[in-house]
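Trainee: could you work out the structure for the sequence below:
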Amino acid sequence: MFSVIFPGQGSQIVGMGKEFFDKYNLVKELFKEADDSLGISLSKIILEGPKEHLDLTINTQPAIFLISYSIFQVIKKEFNIDLNQAKYFAGHSLGEYSALSSANYLNFSDTIKLLRIRGDAMQNAVPKGEGGMLAVLGSTVEIIEDILKENQNNFSAQIANDNSQGQIVLSGKNTDLIKLIEVLKSKNIKNIKLPVSAPFHCQLMNKATDVMKKEIEKANFQDSKNILISNVTANEISDKEELKKLLIDQIENRVRWRESVINMINKGIKQFIEIGPGKVLSGLVKRIDKNVKINTINNVSDIKDLKI
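Mentor: Numbers count the residues shown, from 1 in each chain. Got it, this is the predicted structure:
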C-alpha cells in the first residue's frame, strides 16, 4: 500500500519542472491554464525567475502546486501509472492543496486561484518584519510545549510544524522569538531562525483565516473516493465539508506532519511517493521511519524507476 505526498513552501527553485514542460504538451497546457486563470505569467516566473519573484509567497504557493500537479498528471497519463490507487493523499501545508486537487476534490483552475489568494493573505496578515519562524533541532514536542507553558507570561509562540523527530518549527512575533531563543540557548537546544517573511501556522494569521474562510466556502469542492490525511488532525478526511473546515483551520494551526506519517504507516502504508520540487518530505519520512520505501519524483527518470 502506498501514499502520495506533496511538498510545501521552501521547495521552490527557478527552472523547476522545465524538463516536463519541454517534453510534454499536457504540461505546457497546464502552465498556460495557470497563466490564464491567474492573469499573470506564472510560467515565466517559474522557468526564468528571478528568484526574488518566485520566492514571494503569492507566487510560490501556486507555483509549487502547478509543478506537483503537472508531474502527477504526467505519471498518470503519459506513463499509465494509476496513482489514484493510493490509499492516502497528503501534503505539507500548501501541499495539502496539491493533494486535494490531485485526489479530485477541487479542479486545477479553482485550486491555483485559491492558492494565489492564500499566498497573498498569509503574506499580508502581519506587517512585514513583525513575525518570523524558528526551527528547533534535536528536541521533542513535549519539551517545547513545556517551555512555552512555563514562559507564557514572558512571551508567546506556537508550534507551527511538527515535521519529524527532532525537527520542530515555531512561529510568533520576532520580539517574542528573541526571548524564546534565549531560553532555548540556556537549555542547550539548537535553533535556527528561518528566512521567511511571515509567521505561518499560528494565531497571528487570523486575518488570512478571515480571507480564506470566504474563499473556501464559495469554492466548488466535489465529492471523491480518495482519502486525504489532514494537516490539522493527522487523520483521514473523505467528506468535502469537513475538508473545507479543516483547510480554514489549517492557516492558524500546527502542521502535524510527523503524526500524519506515523498514522499512515500504522494503517499499512509501506511506500511513500513524493511528487513535486525538492525532496524535503522524503527526508522527513526517512527520519520518522527508515524501513518504509520512498520514491521522490521530480524528474522524468524518477518516473521510469517508479513501481507501485
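
Trainee: contacts for stretch 213-220 next, please.
Mentor: L106, N107, D110, L114, I117, R118, K244, L247, I248 (CB atoms under 8 Å, 6 or more residues apart in numbering). Backbone N, C-alpha and C define where each C-beta goes, glycine included.

Trainee: as JSON lines, those residues with distance to L137, neighbour count and secondary structure would be great.
Mentor: Shown next, in JSON lines, are the contacts of stretch 213-220 (distance: CB to CB, whole Å; neighbours: other CB atoms under 10 Å; DSSP: H, G, I helix; E, B strand; the rest coil):
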{"residue": "L106", "distance to L137": "35", "neighbour count": "24", "secondary structure": "coil"}
{"residue": "N107", "distance to L137": "39", "neighbour count": "13", "secondary structure": "coil"}
{"residue": "D110", "distance to L137": "38", "neighbour count": "17", "secondary structure": "helix"}
{"residue": "L114", "distance to L137": "33", "neighbour count": "21", "secondary structure": "helix"}
{"residue": "I117", "distance to L137": "33", "neighbour count": "18", "secondary structure": "helix"}
{"residue": "R118", "distance to L137": "28", "neighbour count": "25", "secondary structure": "helix"}
{"residue": "K244", "distance to L137": "35", "neighbour count": "19", "secondary structure": "helix"}
{"residue": "L247", "distance to L137": "29", "neighbour count": "26", "secondary structure": "helix"}
{"residue": "I248", "distance to L137": "31", "neighbour count": "20", "secondary structure": "helix"}
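
Trainee: so which of those is the closest to P277?
Mentor: Set against P277, the nearest of the contacts of stretch 213-220 by CB to CB is R118 (18.1 Å).

Trainee: give me every residue that touches that closest one.
Mentor: By CB under 8 Å, 6+ apart, the neighbours of R118 are Q61, L94, Y97, A208, M212, E215, I251.

Trainee: and of those, the nearest to T233?
Mentor: Minimum distance to T233 across the contacts of R118 is 14.6 Å, recorded for I251 (CB to CB).

Trainee: per-residue confidence for the closest one?
Mentor: The predicted local distance difference test score for I251 is 98.

Trainee: could you do K87 as well?
Mentor: Confidence score, pLDDT, at K87: 98.

Trainee: for it, which non-adjacent residue is closest in space?
Mentor: Take K87 and drop its neighbours on the chain: the residue closest to it by CB to CB, 6 or more residues apart in numbering is M1, 4.8 Å away.

Trainee: hang on, isn't the one you found packed against I265?
Mentor: No - applying CB atoms under 8 Å as the test, M1 and I265 come out as separate, 10.0 Å apart.

Trainee: could you work out the most separated pair of the contacts of stretch 213-220?
Mentor: N107 and I248 (19.4 Å).

Trainee: circling back to that earlier point, ok, M1 and I265, which is more surrounded?
Mentor: Neighbour count, other CB atoms under 10 Å: between M1 and I265, I265 has more, with 17 against 13.

Trainee: secondary structure class for that one?
Mentor: Secondary structure assignment for I265 (DSSP: H, G, I helix; E, B strand; the rest coil): helix.

Trainee: list the contacts of T175.
Mentor: T175 makes contact with F155, according to CB under 8 Å, 6+ apart.

Trainee: where does it land in three-state SS?
Mentor: At T175 the chain is in helix, as set by three-state DSSP.

Trainee: the closest residue to K128 other than its chain neighbours - how many residues pack around it?
Mentor: Computed as CB to CB, 6+ apart, the closest residue to K128 that is not its neighbour in sequence is S197, at 6.1 Å. Neighbour count of S197, defined by other CB under 10 Å: 17.
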